[in-house]
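1. this is a predicted model, with the sequence first.
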Amino acid sequence: MSDIEIKIKNLIERIKELNYNYYTLDEPLISDKEYDKLYDELKKLEEESGLIFEDSPTQIVGDKVLEKFVKHEHLGRLYSLDKAQSFEEIEDWMNRAEKLRLQYNAGANDILPEIEYIIELKFDGLTINLTYKDGKLENAATRGTGVIGEEILPQVLTIDSIPRTIDFKGVVEVSGEGVMPLSSLEKYNQTHDDKLKNARNAAAGALRNLDPAVTRSRNLECYLYNIGFIDQNVINSQDEVFEFLVDNKFNTFPFRKKVHTFQELVQVITEIGEYRKTIDVLTDGVVIKINDFITRDVLGYTNKFPRWAIAYKFEAEQYVTKIKEVIWNVGRTGKVTPVAILEPVDIEGVTVSRATLNNFDDIQRKKVKIGSDVLIRRSNDVIPEILTAIDEDNSNTVDIEKPLFCPYCHSELFYDNVHIYCQNSLNCKPQLNARLTHFASREAMNIEGLSEKTIDKMIEVLDISEIDELYDITKDDLFKLEGFKDKKADNVLESIEKSKEVKLKSFIFALGIPNVGVKTASDLADQFVTLDKLKEAKFDDLINVSDIGEITANAIVEFFHDERIKKGLDDLISKGIKFIEINESKTDELKDLVMVVTGTIEGYNRKEIEEKLKLKGAKVTSSVSKSTDILLAGEKAGSKLAKAQQNNVKIYQGEELIKFLEGLE
Ligand SMILES: NC(=O)c1ccc[n+]([C@@H]2O[C@H](COP(=O)([O-])OP(=O)(O)OC[C@H]3O[C@@H](n4cnc5c(N)ncnc54)[C@H](O)[C@@H]3O)[C@@H](O)[C@H]2O)c1
Ligand SMILES: [Zn+2]
């Protein structure tokens, strides 16, 4: 693999993990700003190299839909939006549209009208798609992959403003954004201990919660702005979309503006920059849409977004405050990271007193010192980011020292490029606490009742130093901890006991292997089926798992070769960990064959084929290499076919392919 290919693969892997956490779990790992940076980097590399993998996040809308929901096939596809980073990019987009219009008008009988642009707010919540038949609300779904969403009708019915019946009697799908009003967020946070971090994830998490009572408690609202499907040809513009929505008593947001020129557009967007701070909904930008539908048809769509619309995101506002102190935190992997303690500052109604600084280089680059005035920015998330110090020659500042010893266990620290580690993973308390907290978390061993605080006490009072010791805890032990009475102790013991029966993927995630998140853990479980096989996996086996790049493959190999980890793992298993079979139907027919599926195959969906191959024991990878055993090549197979021919890979095509696929059923 070339350097650029490796870079691309690693980015894809990282972004998929982030997407899974954002779209599927509604618990983003990083801020949108940081995410957008990675995404743009990938887009740029793809453009430069022409290497675009089919599973790249730049080609796909959203993420998987969760099994726990009934699937809804949208009548009309739902899309993501292309993004402009600057006014110039909007202008370029307008110019392209105008050029296409003129070209079209030169050759056609009908003439496209002068372009009108509708500017709407870009609400930050979750897309909701509503299906009406015979005037009745039949269904509600999330966007999902754009083709298939998750049914969430009971959840959506908690939003009172959504009409249960409408005057229009045909079949129609209307879509809009489910949001948590900022006033609801504030009220919720005043009365609940489990504080919600931001309105977007609060709305998405509520709508995708299986319990509608939870959705109800968040007091959501929904603004409609789109018709994705209608069985009668009655709508010809965005103006008419809104007319239809209003006539049928849908809730639409009152603000939208029509412009014709770039100058007008800049002015309106600038005004919206101020206006958006005065309203009760979280917005992250504006959406600019071409009004006329025939023009839209001429411009068309890419895989991922319409060419007739573009989003422009607002930069988060910046604030000034002072750094009081920098403390060094020790994480689960022993990584030591700086946190700035700030003079509290009010940002959009939230008091902010901490900010992340990524590492020591970051501190130097931003010229941050104790006592410095700094610029900070909070995007839509709660933890803000320090941009830079703004008073470099202030003599009252004190340099931040590079730490040499762990602030907790005083071991000497290890420097690896920009990262600093405390290598005393054995009895450095914050590391142990973070490891145990991760181990017990919902997507891992799912041990209820083990909060970070409880784990702290266990380490302190019961002198726990290894994960497996969790399983030796007795009721008498728990009584020694503050706040533990009979019932609470029983509950914790029961959930510890229950956790011994665990899915392999949850166990792999629980181990906290560097770079292995929920999705990668699940892929590893699918591919290797048993823990023993995974433990023995070689770099080459791992790199062939789709989405795993070199860094992760190396991390996994190293993890399972570490003597201390090996022993810890054996101790843990010896406490009676049992893996629950989930793929009972798994057979060995294609055992260990490395297979690639490419091209289009009529009547089949590639993802489904891949799933079936995996169930029969094959390893499915996304690119052809020397280790590929079989390529399934549909129509338009392209470069993978050529590469397979070069490498003498066995190829199934045409009739042979269809026969093979029928044999899989
Ligand atoms: N923090 C993370 O880890 C993480 C991960 C994945 C995605 N993200 C965020 O999500 C963005 C990408 O998500 P996306 O592909 O869903 O695109 P998007 O959310 O940026 O844009 C498309 C969506 O905008 C919404 N929208 C709101 N108002 C609208 C209006 N008036 N008209 C039309 N649509 C409107 C629709 O729901 C539509 O689906 C990224 O830029 C990033 O900010 C963050
Ligand atoms: Zn330490």
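-> Looks like it arrived, so ask away. Numbers count the residues shown, from 1 in each chain. Ligands and ions are numbered 1, 2, ... in the order given.

2. the host helix or strand of residue 118 vs ligand 1: in contact?
-> For residue 118, the host element (DSSP states H and E) is strand 117-123. Yes. Residues of strand 117-123 contacting ligand 1 under C-beta under 6 Å from any ligand atom: 120, 122, 123. Heads up, the C-betas are built off the backbone N, CA and C, glycines and all.

3. wait, what's in contact with the residue nearest to residue 185 when sequence neighbours are not counted?
-> Spatial nearest neighbour of residue 185, excluding adjacent residues (C-beta to C-beta, 6 or more residues apart in numbering): residue 199 at 5.0 Å. With contact taken as C-beta atoms under 8 Å, 6 or more residues apart in numbering, residue 199 is in contact with 124, 125, 179, 180, 181, 182, 185, 281, 282, 380.

4. among those, which lie within strands?
-> Cross-referencing these against strands under DSSP state E gives residue 179.

5. now list the buried members of the contacts of residue 199.
-> 124, 125, 179, 180, 181, 185, 281, 282, 380 (16 or more other C-beta atoms under 10 Å).

6. ok, those vs residue 403, which is closest?
-> Taking C-beta to C-beta as the measure, residue 403 sits nearest to residue 380 out of the buried ones among the contacts of residue 199, at 31.8 Å.

7. hmm, back to that, tabulate the buried ones among the contacts of residue 199 (a markdown table), appending distance to residue 212.
-> Listed next are the buried ones among the contacts of residue 199 as a markdown table, based on distance: C-beta to C-beta, whole Å:
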| residue | distance to residue 212 |
| --- | --- |
| 124 | 22 |
| 125 | 17 |
| 179 | 17 |
| 180 | 15 |
| 181 | 18 |
| 185 | 19 |
| 281 | 22 |
| 282 | 22 |
| 380 | 26 |
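
8. out of these, which two sit at the greatest distance?
-> 181 and 380 (14.6 Å).

9. what stretches of the stretch 351-500 of the chain score poorly on pLDDT?
-> Along the stretch 351-500 of the chain, segments meeting pLDDT under 70 span 379-383, 392-393, 426.

10. do you know how far residue 580 is from ligand 2?
-> Applying C-beta to the ion, to the nearest Å, the value for residue 580 to ligand 2 is 36 Å.

11. now the nearest residue to residue 23 once chain neighbours are set aside, what's its secondary structure?
-> The spatially closest residue to residue 23, leaving aside those adjacent along the chain, is residue 63, at 3.8 Å (C-beta to C-beta, 6+ apart). At residue 63 the chain is in coil, as set by DSSP: H, G, I helix; E, B strand; the rest coil.

12. wait, residue 63 touches residue 21, no?
-> No. Checked against C-beta atoms under 8 Å, the pair residue 63 and residue 21 is beyond contact range at 9.2 Å.

13. state the distance from the spatially most distant residue from the centre of the chain to residue 94.
-> No residue in the chain sits farther from the centre than residue 109, which is 46.2 Å out by C-alpha atoms, centre = their mean. According to C-beta to C-beta, to the nearest Å, residue 109 stands 25 Å off from residue 94.

14. send me stretch 115-130 as PDB with only the CA atoms.
-> What follows is stretch 115-130 as a C-alpha-only set of coordinates in PDB (Å, rounded to 0.1, in the frame of the first residue of the first chain):
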ATOM      1  CA  ILE A 115     -32.300  31.300 -10.200                       C
ATOM      2  CA  GLU A 116     -33.900  32.100  -6.800                       C
ATOM      3  CA  TYR A 117     -32.200  31.000  -3.700                       C
ATOM      4  CA  ILE A 118     -34.100  30.200  -0.500                       C
ATOM      5  CA  ILE A 119     -32.100  30.600   2.700                       C
ATOM      6  CA  GLU A 120     -33.300  28.600   5.600                       C
ATOM      7  CA  LEU A 121     -31.800  27.900   9.000                       C
ATOM      8  CA  LYS A 122     -29.900  24.700   9.500                       C
ATOM      9  CA  PHE A 123     -31.400  23.200  12.600                       C
ATOM     10  CA  ASP A 124     -29.200  20.900  14.600                       C
ATOM     11  CA  GLY A 125     -31.200  17.900  15.600                       C
ATOM     12  CA  LEU A 126     -32.200  14.700  14.000                       C
ATOM     13  CA  THR A 127     -34.000  14.300  10.600                       C
ATOM     14  CA  ILE A 128     -37.500  13.000  10.900                       C
ATOM     15  CA  ASN A 129     -39.300  11.600   7.900                       C
ATOM     16  CA  LEU A 130     -43.100  11.300   8.200                       C
END
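
15. residues in the chain within reach of ligand 1, list them.
-> Contact residues, the chain versus ligand 1 (C-beta under 6 Å from any ligand atom): 18-19, 22, 28-32, 35-36, 80-81, 120, 122-123, 127, 143, 177, 225, 287, 311.

16. got any ranges where the stretch 501-650 of the chain has weak pLDDT?
-> Using pLDDT under 70, the stretch 501-650 of the chain drops low at 582-587.

17. show me where it has its helices.
-> 504-510, 518-528, 531-536, 539-543, 550-561, 563-574, 606-615, 639-646 (DSSP state H, counting those that start in this stretch).

18. tabulate those in CSV, adding columns for mean neighbour count.
-> Converted to CSV, the helices of the stretch 501-650 of the chain look like this (neighbours: other C-beta atoms under 10 Å):
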stretch, mean neighbour count
helix 504-510, 23
helix 518-528, 21
helix 531-536, 15
helix 539-543, 17
helix 550-561, 17
helix 563-574, 14
helix 606-615, 16
helix 639-646, 16
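
19. now the stretch 551-665 of the chain against ligand 1: closest residue?
-> residue 552 (17.8 Å; C-beta to the nearest ligand atom).

20. surely that residue meets residue 519?
-> No. Contact criterion C-beta under 8 Å: residue 552 and residue 519 do not qualify, at 11.2 Å.

21. for the residue of the stretch 51-200 of the chain found nearest ligand 2, which three-state class applies?
-> Across the stretch 51-200 of the chain, the shortest distance to ligand 2 (C-beta to the ion) belongs to residue 197, at 28.2 Å. The assignment at residue 197 comes out as coil when based on three-state DSSP.
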